[in-house]
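K.L.:
sequence and predicted model, in that order:
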Amino acid sequence: MKLVFDIEADNLLPKISKFHCAGAIDIDTEEEYWFRPHQLKEFLDLLDQAEVIVAHNAMGYDIPALYKLTGWKPKASVQCTKVMYQ
C-alpha cells in the first residue's frame, strides 16, 4: 500500500503538544481515511501497514511531530514532496 497523508496539530514542531487530525489516501485504491484526535493510534497503525508513505514536508514536520508526540518511527519508506520538488 502507498499512502499520501497529512497531519494537523496544535503548533509548530518545537512547541507541538496535541494531535488534532489526519487524513490519508491510498494511491492505488483511492480510498480515503480520516482520523480525529482520539484515533491517533489507528492512524499510526494504518501508516505501519503501508510500504510507502508520502507527505509534504514529511521529514521536516509530519514524521518528527509524530515521533515527538508518540515515539513512533515509520516502518515504511518515507517520501517527502517538499524535498522531491526543490
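P.N.:
Perfect, thanks for sending it.

K.L.:
longest helix of this protein?
P.N.:
Longest helix in the chain by number of residues (criterion: DSSP state H): helix 40-49.

K.L.:
what's next to that helix, contact-wise?
P.N.:
Identification of contacts with helix 40-49 by CB atoms under 8 Å, 6 or more residues apart in numbering yields 1, 3, 5, 7, 19, 22, 24, 33, 35, 53, 66, 69-70, 72, 74-76. C-betas here are computed from N, CA, C, even on glycine.

K.L.:
emit the ChimeraX select command for whichever of those are buried.
P.N.:
If you want just the buried ones from the contacts of helix 40-49 in ChimeraX, going by 16 or more other CB atoms under 10 Å, the selection is:
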select :1,3,5,7,19,22,24,33,35,53,66,69,72,74,76
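
K.L.:
strands of this structure, residue ranges please.
P.N.:
For the chain, strands defined by DSSP state E occupy the ranges 2-9, 19-26, 32-35, 52-55, 77-80.

K.L.:
does anything pack onto the first one? Which helices or strands?
P.N.:
If I follow you right, that is strand 2-9. Strand 2-9 sits against strand 19-26, helix 40-49, strand 52-55, helix 63-70, with contacts defined as 3 or more CB pairs under 8 Å, 6 or more residues apart in numbering; DSSP states H and E.

K.L.:
cool, the third one as well?
P.N.:
Helices and strands touching strand 32-35, as assessed by 3+ CB pairs under 8 Å, 6+ apart, comprise strand 19-26, helix 40-49.
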